[in-house]
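Colleague: Below are the sequence and a predicted model for it; my questions follow.
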Amino acid sequence: MAQPPILSLEGIALQQGGKWLFGGPDHDPVDLHIGPRDRIALIGRNGVGKTTLFRMIDGQVETDAGIRKTKPALRVVLLEQDPDLTGHATLMDWALAGEHAPQEHEVEAIAGQLGIDMSRETKGASGGEKRRAAIARALAQDPDLLLMDEPTNHLDLGAIDWLESWLDRYKGAFVVISHDRTFLKRLTRTTLWLDRGNLRRKEVGFGGYEAWEEQVYAEEARAADKLDAKLKLEAHWLERGVTARRKRNQGRLEKLGQMRAQRASMITAAGTAKLQLATEAEFKSKSVIAVQDITKSYGERTIIKPFSLRIQRGDRIGIVGANGAGKTTLLKMLTGELEPDSGTVDIAKTLTGVMIDQQRQLLTADKTVRQVLAEGGDWIDVRGTRKHVQAYLKDFLFDPKIVEMNVSVLSGGERSRLLLAREFAKASNLLVLDEPTNDLDLETLDLLQEVIADYEGTVLIVSHDRDFLDRTVTITLGLDGTGNVDVVAGGYEDWMAKRQAPITGKTRSAGNDNKASPPAPPPPKSTKLSYKDQRDYELLPARIEELEVAIARGEEILADPDLYTADPQKFANISKGIENARNEKDAAEERWLALAELVEG
């Protein structure tokens, strides 16, 4: 670490419920040092203690051993996953409460950029509004160290982009718990991995985490080969399952690419929604939902302009767009829950669906896991196949021993995973998922992708998780907020590529099938730059790219776990080189963006 830490945890041990969560006889004590500009991803399965570790860093939890050290006057701010707003009439009342309340004008400034009205009553606020208010409150406190627990939950794509940009410019340190792979890859430079009570650290961003995880598990598997078979099965079934699952996922991604290519061939030029197969009869025979010229308005506001689509058996449809753009409205019309103002929706009579929405009904806390899954028995019917309840728990990354535990002792993420296990067992040929990734850890997301890939029916997904959509769906329906619905073969990145492509006058979306898009406005006149400015504007992008390559190459070298022991000076030199390259890259990006603003007027 180039600079002294601003916060340290040294020799920390903690008991919860009579068991050692950190330290004690079974785990190493927690030692953690956070530098002034650290960008850290905190990774670990649901229930391993990530949120508790956050509260230890924040000083809320008194530990059984060890010490917490901070730089004088350090401002640590915790952005909680589910803040308690009770007792406060409005979002602003809540934001200004507490010992270290921010200034009201600072909250208002950030809230305005996030598009949240802080005078909103807390009782009627949606999950997205509460999340935006919590972000405004946290950032307005000008923290030196920002702790974020699932910051992108309930945020739409525009708000996520805004938060990423803010954090990219942020001069302090942050630690983040998130299931959003895209968010983590873009922002983090260090990874903390909380694994079975032990905290591991590696100076690589989340982009290098999975390779590191595979390396650790491979080393453990080699060590386990020396143990007896029974111990191997007991201690390593999950770790080996994770490795095997990732390898299987590579094959599934190849298959997904083939499905997307096939679907792309059925979409007519310019992405209109009139999907065609080699023979119309064959297409109709596979159709499960046929939508023709449906529209929806609320008062004077148009939600869906005339839109047509045929959904085939086996399609994985992703629905994306900003909050309020009409995603849930479109989903309800596709499933027959909501009538369109005009047009028709024909749903196959054989279609039977399972719905998992973002307002998930809480599981009964006093029931056991066995009662939730198998009504107290030993066997569960999984889509027509009988399976032992403990074997089924393994499929969903649970230790089979939890079968007699009460739901009340499970973490929020574990309860979400248990709910998925229960719902996926039901026989169905239509799966409807509304924000399914909230509260799930990364390994559960891998599992969810696997289940969806193996699902023989049709899947409809509303999600803001960009990586999840890219790994899962064959067609994306993108709502732009004006009533248009883009139909794109592929995932989120494919939709963004289409939106950013130059407009040629052809139809751009399903909402205006018979109208040409308006001509693009002429580019703004460039402001004349000095010779040096012009040279910087032309050459900095290549330099930024060179620096990114150098940083990645340095991080790859530091990934060697033996380097520090074998050659500490080389480790220090490379670390310093990476820090210098990052500083130069940050300065180059700011310089180029300033020049770009001048060029673009």
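Modeller: It's in.
Colleague: So K171 sits against R39, correct?
Modeller: No: if you go by CB atoms under 8 Å, K171 and R39 don't touch, sitting 11.5 Å apart. Every residue, glycine included, has its C-beta placed from N, CA and C.
Colleague: So for the two, which residue has more residues nearby?
Modeller: R39 (21 against 8; other CB atoms under 10 Å).
Colleague: By mean pLDDT, which helix or strand of this protein comes out lowest?
Modeller: helix 280-286 (a mean of 51; mean pLDDT, DSSP states H and E).
Colleague: confidence score at E597?
Modeller: pLDDT, E597: 64.
Colleague: Start at 9, not 1
Modeller: OK, 9 is where the count begins now, so the last one is E605.
Colleague: Could you confirm G486 falls within a strand?
Modeller: Yes: looking at G486 with DSSP: H, G, I helix; E, B strand; the rest coil, it is inside a strand.
Colleague: quick one: which helix or strand includes P549?
Modeller: helix 539-566 (DSSP states H and E).
Colleague: from the chain's centre, how far out does whatever helix or strand comes next after that helix sit?
Modeller: Proceeding N to C from helix 539-566, the next assigned helix or strand is helix 571-574, under DSSP H and E. Helix 571-574 sits 34 Å away from the centroid of its parent chain (CA atoms, centre = their mean, to the nearest Å).
Colleague: what do you get for stretch 95-105?
Modeller: 28 Å.
Colleague: which parts of that stretch are buried?
Modeller: Residues of stretch 95-105 classed as buried: 96, 98-100, 102-104 (neighbour count, 16 or more other CB atoms under 10 Å).
Colleague: Over to stretch 491-505?
Modeller: Quick answer for stretch 491-505 (16+ other CB under 10 Å): 491-500, 502-504.
Colleague: Quick check: end-to-end length of it?
Modeller: End-to-end span of stretch 491-505 (CA to CA, to the nearest Å): 20 Å.
Colleague: same thing with stretch 446-453?
Modeller: Per CA to CA, stretch 446-453 runs 10 Å from first to last residue.
Colleague: which outside residues touch that stretch?
Modeller: For stretch 446-453, the surrounding residues in contact (CB atoms under 8 Å, 6 or more residues apart in numbering) are 51-54, 89, 158, 161-162, 187, 189, 250, 366, 404-405, 420-421, 423-425, 428, 445, 456, 473, 476.
Colleague: rerun at 6 Å
Modeller: Stretch 446-453 has contacts (CB atoms under 6 Å, 6 or more residues apart in numbering) with 53-54, 161, 187, 405, 420-421, 424-425.
Colleague: any idea which of those residues has the most stuff around it?
Modeller: Neighbour max across the contacts of stretch 446-453 (other CB under 10 Å) = R425, 26 neighbours.
Colleague: From L202, how far off is that one?
Modeller: 17 Å (CB to CB, to the nearest Å).
Colleague: what does L455 give?
Modeller: Taken as CB to CB, the span from L455 to L202 is 19 Å.
Colleague: before we move on, the earlier item: go through the helix or strand just after the least confident helix or strand of the chain and flag the buried ones.
Modeller: Per DSSP H and E, the first helix or strand lying C-terminal to helix 288-294 is strand 295-306. Buried positions in strand 295-306, judged by neighbour count with 16+ other CB under 10 Å: 295-300, 302-304.
Colleague: end to end, how far does stretch 105-124 reach?
Modeller: First-to-last residue span, stretch 105-124, CA to CA: 18 Å.
Colleague: Mind listing residues that contact that stretch?
Modeller: Under CB under 6 Å, 6+ apart, the answer for stretch 105-124 is 103, 126, 137, 140-141, 144, 147-149, 167.
Colleague: what do you get if the cut-off is 7 Å, keeping everything else the same?
Modeller: 96, 100, 103-104, 126, 137, 140-141, 143-145, 147-149, 167, 170 (CB atoms under 7 Å, 6 or more residues apart in numbering).
Colleague: Next: stretch 482-492.
Modeller: Contacts of stretch 482-492 (CB under 7 Å, 6+ apart): 264, 267-268, 271, 310-313, 323-330, 333-335, 338, 477, 493-500, 502-503, 517, 519-520.
Colleague: Return the residues in contact with the nearest residue to D203 once chain neighbours are set aside.
Modeller: With CB to CB, 6 or more residues apart in numbering as the criterion, D203 has its nearest non-adjacent residue at 6.4 Å, and that residue is G52. In this structure, G52 makes contact with 58, 201-203, judged by CB under 7 Å, 6+ apart.
Colleague: now the stretch 359-508 of the chain, which segments are flagged as low pLDDT?
Modeller: 365-371 (pLDDT under 70).
Colleague: Okay, strands next: where are they in it?
Modeller: With DSSP state E, counting those that start in this stretch, the ranges of strands along the stretch 359-508 of the chain come out as 361-364, 387-390, 393-396, 438-442, 466-470, 483-487, 493-497.
Colleague: who's in contact with G216?
Modeller: Taking CB under 7 Å, 6+ apart as the test, what G216 contacts is 563, 567.
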